[in-house]
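*Asks:* prediction below, plus the sequence it came from.
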Amino acid sequence: MRTPQRVTTDGLPERVTIYEVGPRDGLQNESTIVPVEVKAEFVARLVAAGLQVVETTSFVHPKWVPQLADAAELLGLVDLDSAPRMPVLVPNERGLDRALEAGVREVAIFGSATESFAQANLNRSLDEQYAMFEPVVTRALDAGLSVRAYVSMCFGDPWEGDVSVAQVVGVGRRLVDMGASELSLGDTIGVGTPGQVQSLISEFVDAGVPISQLAMHFHDTYGQALANALTSLRCGVTTLDASAGGLGGCPYAESATGNLATEDLVWQLHGLGIETGVDLAALVDTSAWMAGQLGRPSPSRVVQALAN
C-alpha cells in the first residue's frame, strides 16, 4: 500500500494525538441501526490500528439518538483497557451514572457556543447549560474520572450565522474553569477557514487556556478541514479530532456533513513526519470494512485511493 513521502517542516509538533470519534460522532447520524456487534468490532479494529483515543458511545436518551440506545450493551462488549483513553459522552447526571456503572475512566460533555444550538441540542439556554454540566463535572472528578468538554458551533451557526470569537472563548473558559482538562473546539457545520482558526486559538491562549488543553474538531462541509487542521498544528495544538472513514454529521444541524476523515489526517501528518502511532493500512481496511457494513462508499479520499 502506498504511503506518503515524509518531508518535515519546522514549527510543527513531533507527535499528534488523534481523538477518534467514529464510533460515537461518526455513527450517531446513521438512519439505519448498526448492530451492536458491528460497533464493538469497529472499536476493536480502531484500537488495533493504533489509535490511542477512541470515543466509544454516548449515554444520550435513545429518543433523541436511537443509534446510541445500545451504549451500555456496547460497553459490555468492549475492552475498556485496550486503549489508553476510551471516553464516553454523557449529557447529564443520569448519563454519568450509567457511565460509572459501566466502568469508564473518562467522560465528555457537549456544550454550545450559541443560544440556538443549546436549545436544539440540549433543550437549555446558553446560560442554563452550565447548571446541567456542573454536577456532572464535579461528580466525575470526585470519582477520579477525567472530563473533556466540547464546544460546538465555534465558527458559525446554521440559525445565527457568524459566531463571535469572544462568545466562544467565554463559553470555553467557563467549561475549563469548571474542571474540564481538555477543550475541543468544534466547527460543527464546517464553515471555518484557517484565519478564523488561528484567531480563535490565539484568543483562547490570551484568555489563559494553555494550548496543551485545546483540541480541534473539524467538519469538511466546505473542504476546509485539512487546511484548518494544519493551521491548528502551526499554532501549537497537538490533539485533533477525526472520524474513521469521514463518517458523521450532527442530528441537530442538517448542514453538518462528515467529520474530518482520520485517514486523510493521518496521510497529512505522516507526510509531515509527525508521529501518530496509527497503522494507516489497518485503518484504511477498517474504514473500508465499515463502509461495507453501511452499504455505501467511504467519503474519505485516502480510503477511496488505497482500499482494494
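*Replies:* Ah, there it is.
*Asks:* what sits up against the strand or helix carrying Gln198?
*Replies:* For Gln198, the host element (DSSP states H and E) is helix 194-206. With CB atoms under 8 Å, 6 or more residues apart in numbering as the test, helix 194-206 has contacts from 154-155, 165-166, 168-169, 172-173, 183, 185, 211, 214, 216, 224, 227-228, 230-232, 234-237. In short, each C-beta sits where N, CA and C put it, glycine included.
*Asks:* again, 6 Å this time
*Replies:* Phe155, Val165, Val169, Ile211, Ala227, Asn228, Thr231, Ser232, Cys235 (CB atoms under 6 Å, 6 or more residues apart in numbering).
*Asks:* least confident secondary structure element in the chain?
*Replies:* Each helix and strand of the chain was given a mean pLDDT (mean pLDDT, DSSP states H and E); the minimum falls on helix 115-117 at a mean of 81.
*Asks:* quick check: next helix or strand after that one?
*Replies:* That would be, after helix 115-117 and using DSSP H and E, helix 128-142.
*Asks:* just how off-centre is that next one within its chain?
*Replies:* Between the centre of helix 128-142 and the centre of its chain there are 20 Å (CA atoms, centre = their mean, to the nearest Å).
*Asks:* for it, buried residues please.
*Replies:* Gln129, Tyr130, Met132, Phe133, Val136, Val137, Arg139, Ala140 (16 or more other CB atoms under 10 Å).
*Asks:* need the nearest residue in space to the second one, chain neighbours excluded.
*Replies:* Yep, that's Tyr130 we're talking about. Arg174 (6.3 Å; CB to CB, 6 or more residues apart in numbering).
*Asks:* am I right that Gly111 sits in a helix?
*Replies:* No: assessed with DSSP: H, G, I helix; E, B strand; the rest coil, Gly111 is strand; it does not lie in a helix.
*Asks:* ok, it - how many residues close by?
*Replies:* 28 (other CB atoms under 10 Å).
*Asks:* please name the residues that touch it.
*Replies:* Counted by CB under 6 Å, 6+ apart, Gly111 has contacts Gln129, Val151, Leu175.
*Asks:* quick check: it vs Leu306, distance?
*Replies:* Distance, Gly111 to Leu306, using CB to CB, to the nearest Å: 36 Å.
*Asks:* please identify the buried residues of stretch 12-19?
*Replies:* Neighbour-count burial for stretch 12-19 [16+ other CB under 10 Å]: Leu12, Pro13, Val16, Thr17, Ile18, Tyr19.
*Asks:* average model confidence for that stretch?
*Replies:* Throughout stretch 12-19, pLDDT has a mean value of 98.
*Asks:* start to end distance for that stretch?
*Replies:* 18 Å (CA to CA, to the nearest Å).
*Asks:* list the contacts of it.
*Replies:* Here stretch 12-19 has contacts from Val53, Leu233, Thr238, Thr239, Asp241, Ala242, Leu269, Leu272, Ile274, Glu275, Thr276, using CB under 6 Å, 6+ apart.
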